[in-house]
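J.: starting from these lines, generate the structure:
(one chain, ligands or ions: 1)
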Amino acid sequence: MNTIETIFENNKAWAKEATANNPDFFTNLLSQQTPKILWIGCSDSRVPANQIMNLPAGDVFVHRNIANVVVHTDLNLLSVLQYAVDVLKVEHIIVCGHYGCGGVKASMNDLQHGLIDNWLRHIKDVQRFHTNELTNIKSEEERFDRLCELNVVEQVHNIQNTTIVTNALIHGQKLNVHGFIYDIKDGLLKDLQLN
Ligand code: CO
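T.: Residues are numbered from 1 along each chain as shown. You can find the predicted model right below:
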């Protein structure tokens with residue numbers, strides 16, 4: 001477990017290494033950021049966007065929430081999306097879910113978890129949209145895995161249907177929306193091939 005002291009020690013070592021590899025690393029980032037990717041992922045500590053794609057600071061614009069949900073009225077997410085698409089002109093939006101997602105798991109039962117149940121309602125909606133497919137999966141583990149994937153499918157639809165993305169595409173902006181799923185067991189990303 002990290003202590004606050006180790007955070008600062010690690011930070012100094014990281015900054016030193018970054019400039020050892022490229023003396024202009026921080027000066028290049030000083031004037032502006034030019035990421036080509038917007039990442040929408042889960043808040044889960046095991047799914048850190050830059051680390052799992054092995055990309056440095058400056059390469060990924062990030063929004064994370066519990067279970068990587070795209071809610072039509074979420075002003076936080078919409079602000080991130082608008083800035084990424086309209087100002088930064090990202091070329092790829094990645095919605096990334098992960099197997100073993102605690103948020104998805106919690107939505108699969110009727111136990112109360114408190115305030116978060118209102119957020120998890122969105123994943124219960126995903127289950128309702130795909131009731132037939134999900135009820136035909138007998139193994140609970142496989143049903144859980146599939147719901148993690150279907151949650152990505154639905155959130156990709158939600159991103160594609162925002163005014164921000166539809167208008168960008170109408171105006172011919174180069175923009176692709178992808179649905180990925182990450183496996184905590186082996187650290188590998190899979191493209192769900194939704195586009
Ligand atoms: Co999660």
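
J.: past the one helix or strand Ile7 maps to, which element shows up next along the chain?
T.: Using DSSP states H and E, Ile7 falls within helix 4-21. Moving toward the C-terminus from helix 4-21, the next helix or strand (DSSP H and E) is helix 25-31.

J.: now what about that following helix, what contacts it?
T.: 15, 18-19, 22, 56-58 (Cβ atoms under 8 Å, 6 or more residues apart in numbering). Placement of C-beta: from N, CA and C, glycine included.

J.: and what of stretch 143-151?
T.: 67-69, 97-101, 104-105, 107-108, 123, 126-127, 129-130, 133-134, 137, 181, 192.

J.: one step back: which strands and helices lie in contact with the helix holding Ile7?
T.: Judged by 3 or more Cβ pairs under 8 Å, 6 or more residues apart in numbering; DSSP states H and E, helix 4-21 is in contact with helix 25-31.

J.: show me where this protein has its strands.
T.: Shown for the chain, the strands assigned by DSSP state E span residues 37-42, 60-65, 92-98, 176-183, 188-191.

J.: quick one: mean pLDDT over the longest one.
T.: Regarding strand 176-183, the rounded mean pLDDT is 98.

J.: using CSV, list the CA coordinates for the helix or strand of the chain with the lowest mean pLDDT.
T.: Lowest by mean pLDDT, DSSP states H and E among the helices and strands of the chain is helix 25-31, with a mean of 91. Written as CSV, here are the backbone C-alpha positions of helix 25-31 (Å, rounded to 0.1, in the frame of the first residue of the first chain):
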residue,chain,number,x,y,z
PHE,A,25,9.0,15.7,-22.6
PHE,A,26,7.4,18.3,-20.3
THR,A,27,8.2,21.3,-22.4
ASN,A,28,6.4,19.7,-25.3
LEU,A,29,3.3,19.2,-23.1
LEU,A,30,3.5,22.7,-21.7
SER,A,31,1.8,24.6,-24.4
